[in-house]
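1. Provided below for reference: sequence and predicted model.
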Amino acid sequence: MSIPDREFYMKSALMLAPELLGKKLVHKTKDGVCSGMIAEVEAYCGADDKGSHAYKNRRTARTEIMFGEGGFSYVYSIYGMYNCFNVTANEKDKPECVFIRAIEPLDGIELMKKRRNTEKISELCSGPGKLCTALAIDKSCYGLDLTESELYIENYKDIPKDLIRVSPRINIDYAEECSEYFWRFFIEENKFVSKVAKRFRVDRGLV
């Protein structure tokens, strides 16, 4: 098992995001170990990004972890129902993160099926809320060190650049012009990438 060290995360979210594709996200719990290969991510770039929770350096109890070093878990809930998992990026006081949107299930698939209440492997982790449920990632995981805790990222597969696609981020119309930035990265033709509306399907190769 090879786990990236802190230095791996000490870069901008835009640089880190495509480098996370092909990495394995692992969560060890009392019920067992579940993991998946990261297949889809989005970059959120701090003070100047209207899509970011830290836009204008907004510092709250929720966003505090973003203002530390890269390589920590940032978990928040939406609609009072679903958890979302992010990886902090960059140096201290540069509040950036990478949102993990989808993973390809690898280990603990039966446990994931139980948690998600479905037999369809394609439905286990093909979306941010789904993958958090499947891997039992909740707000108790907020602030965990991804280099040395029960929730961690390890090296798994190198994804060739010609298999990486980029597009605008999903469902952030509130971010105005920032919603048009091509800051979503995903593995081409991976069947576990989240299903998105037609208007979000304009993509291109990694520049």
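-> It's in. Numbers count the residues shown, from 1 in each chain.
2. and the lengthiest strand in the chain, which strands flank it?
-> Using DSSP state E to define each element, the chain has its longest strand at strand 32-44. When pairs are called by DSSP bridges, strand 32-44 turns out to pair with strand 24-29 (antiparallel), strand 96-105 (antiparallel), strand 184-187 (antiparallel).
3. so which helix or strand of the chain has the lowest pLDDT on average?
-> Ranked by mean pLDDT, DSSP states H and E, the weakest helix or strand in the chain is strand 204-205, scoring a mean of 84.
4. contact partners of it?
-> 161-162, 164-167, 182 (CB atoms under 8 Å, 6 or more residues apart in numbering). Yep, even glycine has a C-beta here, placed from its N, CA and C like the rest.
5. how about stretch 50-66?
-> Against stretch 50-66 from outside (CB under 8 Å, 6+ apart): 44-49, 67, 72-74, 76, 88, 95-97, 142-143, 169, 172, 174-179, 181.
6. equivalent analysis for stretch 123-130, please.
-> In contact with stretch 123-130 (CB under 8 Å, 6+ apart) are residues 36, 78, 81-85, 99-105, 109, 112-113, 116, 118, 131, 134-135, 191-195.
7. put the buried members of those into a PyMOL selection.
-> Here is the PyMOL command that selects the buried residues among these (16 or more other CB atoms under 10 Å):
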select buried, resi 36+83+84+85+99+100+101+102+103+104+105+109+112+113+116+131+134+135+192+193+194
